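Novice: sequence-free structure coming up:
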């Protein structure tokens, strides 16, 4: 077992430590690689259940490809909530405008029968119950550019 002792050093100032902690916290957000966790889906339906509340049903594509939770179909209950995180990447990319654009991307993909990519940042999608891992919640969506130049809709939770 490793023990850490706290010793106060002469001249050490709390603001310096706070600045270093903020720097360490902000740097990973700016270097986020969003291309590592998105999957291809066909959009079965986008239903407005109430103002600002959508239910999106997706099917993994190509046929036979399963979402990592081995879902035949993925149902996402989406409502936009203002990010409370101070992470600048999240605050800049998960806005009401970007969320609405993502819903339009789902609607357009459903109308055209085209594939949409879905990704998850941080927790990304929250389980509604332990029994059904294919029905999830999202607190915000944003279209983000991936390394290949394409757009994917990313969820945060």
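Specialist: The structure has been received and is ready for your questions. Just so it is clear, the structure is predicted and the values come from calculations on it, not from any experiment.

Novice: going forward, measure contacts between C-alpha atoms and count neighbours the same way
Specialist: OK.

Novice: who does the longest strand along the chain touch, helix- and strand-wise?
Specialist: As far as residue count goes, and with DSSP state E defining each element, the longest strand of the chain is strand 38-50. Contacting strand 38-50 under the criterion 3 or more CA pairs under 8 Å, 6 or more residues apart in numbering; DSSP states H and E are the following elements: strand 53-60, helix 96-112, strand 115-120.

Novice: next, count neighbours for the closest residue to residue 126 other than its chain neighbours.
Specialist: Spatial nearest neighbour of residue 126, excluding adjacent residues (CA to CA, 6 or more residues apart in numbering): residue 137 at 4.9 Å. Residues within reach of residue 137, counting by other CA atoms under 10 Å, total 19.

Novice: three-state assignment of residue 137?
Specialist: The three-state label given to residue 137 by DSSP: H, G, I helix; E, B strand; the rest coil is strand.

Novice: now do the contacts for it.
Specialist: Residue 137 makes contact with 76, 77, 78, 125, 126, 127, 128, 157, according to CA atoms under 8 Å, 6 or more residues apart in numbering.
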